[in-house]
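Colleague: coords please:
(one chain, ligands or ions: 1)
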Amino acid sequence: MDTKVATEIFKVFAKINPKPTTELKYKNNFELLISVILSAQATDVSVNKATKNLFKLANNPKAVLQLGLTGLKQEIRTIGLYNNKAKNIIKTCERLITQHNGRVPKDREALEQLPGVGRKTANVILNTAFSKPTIAVDTHVFRVANRTGLAKGDSPIKVEYGLLSIIPDSYLMNAHHHLILHGRYICLARKPLCYKCHIAKHCAFKEKTCEPN
Ligand code: SF4
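Modeller: Predicted coordinates:
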């Protein structure tokens, strides 16, 4: 895709929603980190439901360790893969305390060393908590990037680099959330709502849907 077309797409996104952000509910960087770990292969709605009570009980590493593995599992049992996620969260809390004074680190390398945190989660934290112009490629971003032609690729890392190279710097900070929200509400996986899509005229997808049914 041409950089000019990419610019037009993000101009439209910025006009519709000047301040896009995560739909995860959190009050500090630790809560955001835990929410993002929990959101792997789970919806933000399901994560928010569980963390509403969890964060009342424990919203810092020490408190989560006091809750313990069994107590943590009890709080997040409605979320998919909760057993593994609970184990990773406990190990992450231990590491935050022993290596980062209980704080969420600001750099990619340290973030990616936390159990349960891969490149995608690190990118979300760097962008949302620390205002770095990173793009986390989740299932929505991957789909939208490939369909529109913004960045084609058969792996998240190829799509991430493709997006970073084509999106103008002035739009990079919000690009991740624009693309996620577009994928979540308009460019749906099974049947994209092209007939109500504001970027349709810039999109390269050939099989656009023209009407609701
Ligand atoms: S036109 Fe359709 S395929 Fe293209 S971005 Fe919009 S919803 Fe997605």
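Colleague: Distance check, the residue most central in space within the chain against residue 77.
Modeller: Nearest to the mean C-alpha position of the chain, by C-alpha atoms, centre = their mean, lies residue 124 at 5.1 Å. Counting by C-beta to C-beta, to the nearest Å, the gap from residue 124 to residue 77 is 23 Å. (C-beta placed from N, C-alpha, C; glycine too.)
Colleague: What's the local residue count around residue 144?
Modeller: One way to gauge burial is a neighbour count; for residue 144, by other C-beta atoms under 10 Å, it gives 28.
Colleague: next one: residue 189
Modeller: 10.
Colleague: Could you list which residues are in contact with it?
Modeller: Shown here is residue 189, whose contacts under the criterion C-beta atoms under 8 Å, 6 or more residues apart in numbering are 139, 143, 183.
Colleague: tell me the SS of it?
Modeller: Applying DSSP: H, G, I helix; E, B strand; the rest coil to residue 189 yields a three-state assignment of coil.
Colleague: same question, residue 71
Modeller: helix.
Colleague: Tell me the spacing between it and residue 205.
Modeller: Plainly put, residue 71 is 46 Å away from residue 205 if you go by C-beta to C-beta.
Colleague: How far away from the center of its chain is the longest helix anywhere in the chain?
Modeller: Counting residues, the longest helix in the chain under DSSP state H turns out to be helix 82-100. Averaging C-alpha coordinates over helix 82-100 and over its chain gives two centres that are 19 Å apart (C-alpha atoms, centre = their mean, to the nearest Å).
Colleague: And for stretch 72-87?
Modeller: Using C-alpha atoms, centre = their mean, the distance from the centre of stretch 72-87 to the centre of the chain it belongs to is 19 Å.
Colleague: same check, this time on stretch 13-29
Modeller: 11 Å.
Colleague: Equivalent analysis for stretch 192-204, please.
Modeller: Centroid displacement of stretch 192-204 relative to its chain, using C-alpha atoms, centre = their mean, is 22 Å.
Colleague: Repeat that for stretch 151-161.
Modeller: Chain-centre distance of stretch 151-161: 16 Å, with C-alpha atoms, centre = their mean.
Colleague: Say whether the ligand is contacted by that stretch.
Modeller: No - counting by C-beta under 6 Å from any ligand atom, the ligand is not contacted by stretch 151-161; separation bottoms out at 13.0 Å.
Colleague: How about stretch 182-190?
Modeller: Yes - contact between stretch 182-190 and the ligand, assessed by C-beta under 6 Å from any ligand atom, occurs at 186, 187.
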